[in-house]
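> Sequence first, then the predicted structure, then my questions.
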Amino acid sequence: MNGINILVLGGDARAIYMCEQLAESFNVTACKLPARPEGAAVISRLEDMPSKADALILPMLTGVRHTADGSFLPCGLEVICLERLLPLLCEGAPVLGGLADSGTVSLFESAGHPFADYFKRRELTVRNCIPTAEGALMIAMQEQAQTVFGSSVLAIGFGNVGRAVARLFSAVGAKVSCAVRRPDAAAEAESEGFAPVVMSQLAESISRFDTVINTAPALVIDEPLLKNMKPKALIIDLASRPGGVDKAAAEALGVRLVHALALPGRVAPVTAGRYIAETVTDILTERGVGNVT
């Protein structure tokens with residue numbers, strides 16, 4: 001232990017395992033978690049915080065609602081007013097959270113607490129590609145009546161997630177193609193053994209695939225493309241809300257669609273929690289919060 005006090009408020013199963021890893025280096029106090037993390041102190045009320053925190057770690061903050069009475073974060077069955085957290089923090093204590101909006105960031109920074117979004121850190125983005133790809137494979141195995149081996153799979157996008165998906169599905173014997181917009185991305189996909197498909201030609205080729213996995217964070221699969229899909233084909237949409245597929249059109253046309261959000265926390269919470277803990281430690285090290293080496 002290095003004497004640094006960290007308050008962790010809210011989160012899913014990932015937060016439990018994040019706390020357990022952080023507790024190996026810090027004094028961790030957890031509040032409003034779904035289960036008790038080993039090695040961490042647990043409080044049921046914020047007022048029971050034993051001492052002021054040198055850092056605050058919040059969960060995904062997409063659910064925060066700002067009103068005239070304050071900013072409110074859902075935590076399980078409760079709602080926490082974020083302004084209540086300010087007196088619990090040491091002067092200048094950093095606040096870490098995921099996917100915060102400008103209002104949430106401003107709330108803390110205007111009170112002298114620098115904010116860092118761990119979910120936008122590249123090391124976490126890259127690490128999360130592994131459980132995301134494994135989750136997509138799990139869905140394909142559950143939803144399809146045929147083996148992934150020998151099936152035709154199209155990964156839309158060849159960024160971090162698209163590349164991880166293509167590699168994993170190829171490793172288990174799928175015939176993988178990658179839909180890309182740029183010539184350099186096509187060359188990269190081809191150099192790894194995946195057949196490139198130019199996005200502008202997707203309408204002519206989408207009917208070949210048993211499974212289509214979208215990683216692009218924009219509407220890509222619209223009604224005309226859905227009409228050209230193979231009967232009984234499956235779409236797995238990995239893009240954040242609202243996704244990259246016209247959901248209403250897919251439903252109307254009877255195309256099977258699984259919008260798979262937050263897969264790391266669902267399929268591998270232990271690993272995902274460790275990834276967040278490692279990223280949090282990186283951020284705290286950079287900000288000089290204790291000796292975490």
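Thanks, I have it.
> From Thr132, how far out is the residue nearest the centre of the chain?
By C-alpha atoms, centre = their mean, the chain has its centre lying nearest to Ala262, at 4.8 Å. Computed as C-beta to C-beta, to the nearest Å, the Ala262 to Thr132 distance reads 9 Å. Placement of C-beta: from N, CA and C, glycine included.
> And Arg274, by the same measure?
Distance, Arg274 to Thr132, using C-beta to C-beta: 15 Å.
> of these two, who's got more company?
Here Arg274 and Thr132 are set side by side on neighbour count (other C-beta atoms under 10 Å), and the busier one is Thr132, at 26 against 18.
> Quick check: phi and psi on the residue lying closest to Asp246 once chain neighbours are set aside?
For Asp246, ignoring the flanking residues on the chain, the nearest one in space by C-beta to C-beta, 6 or more residues apart in numbering is Asp222 at 5.1 Å. Dihedral pair for Asp222: phi -100, psi -170, per degrees, to the nearest 10.
> and if you look at Val79?
Here is the backbone geometry of Val79 (degrees, to the nearest 10): phi -130, psi 130.
> wait, it sits on Asp69?
No - counting by C-beta atoms under 8 Å, Val79 does not reach Asp69; the two are 11.3 Å apart.
> So between those two, which is more surrounded?
Shown here are Val79 and Asp69; by other C-beta under 10 Å, Val79 has more neighbours (11 against 8).
> how about the nearest residue to that one once chain neighbours are set aside, what does it touch?
Take Val79 and drop its neighbours on the chain: the residue closest to it by C-beta to C-beta, 6+ apart is Phe72, 4.9 Å away. With contact taken as C-beta atoms under 8 Å, 6 or more residues apart in numbering, Phe72 is in contact with 64-66, 79-82.
> What about these, which are in strands?
Taking DSSP state E as the definition of strands, those contribute 65-66, 79-81.
> buried subset of these?
Using 16 or more other C-beta atoms under 10 Å as the burial test, the ones in strands among the contacts of Phe72 include Ile80 as buried.
> Same list (the ones in strands among the contacts of Phe72) but as JSON lines, adding pLDDT and distance to Ala116.
Formatted as JSON lines, the ones in strands among the contacts of Phe72 follow (pLDDT from 0 to 100; distance: C-beta to C-beta, whole Å):
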{"residue": "Arg65", "pLDDT": "97", "distance to Ala116": "22"}
{"residue": "His66", "pLDDT": "98", "distance to Ala116": "20"}
{"residue": "Val79", "pLDDT": "96", "distance to Ala116": "24"}
{"residue": "Ile80", "pLDDT": "97", "distance to Ala116": "20"}
{"residue": "Cys81", "pLDDT": "97", "distance to Ala116": "21"}
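> Throw the ones in strands among the contacts of Phe72 into TSV and include distance to Gly112, thanks.
Shown next, in TSV, are these (distance: C-beta to C-beta, whole Å):
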residue	distance to Gly112
Arg65	24
His66	20
Val79	25
Ile80	20
Cys81	19
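> so how far does stretch 198-205 reach from one end to the other?
From its first residue to its last, stretch 198-205 covers 9 Å (C-alpha to C-alpha, to the nearest Å).
> So which bits of that stretch are buried?
Buried residues in stretch 198-205, counting neighbours by 16+ other C-beta under 10 Å, are found at 199, 202.
> Provide the contact partners of it at residue level.
Stretch 198-205 has contacts (C-beta under 8 Å, 6+ apart) with 154, 156, 177, 179-181, 186, 197, 220, 224-225, 228.
> Among these, which are located in helices?
Among the contacts of stretch 198-205, the members falling in helices (DSSP state H) are 186, 224-225.
> one step back: show me the two of the contacts of Phe72 that sit farthest apart.
His66 and Ile80 (13.5 Å; C-beta to C-beta).
> picking up where we left off before, wouldn't the residue nearest to Asp246 be in contact with Gly244 here?
No - counting by C-beta under 8 Å, Asp222 sits too far from Gly244 to count as a contact (9.6 Å).
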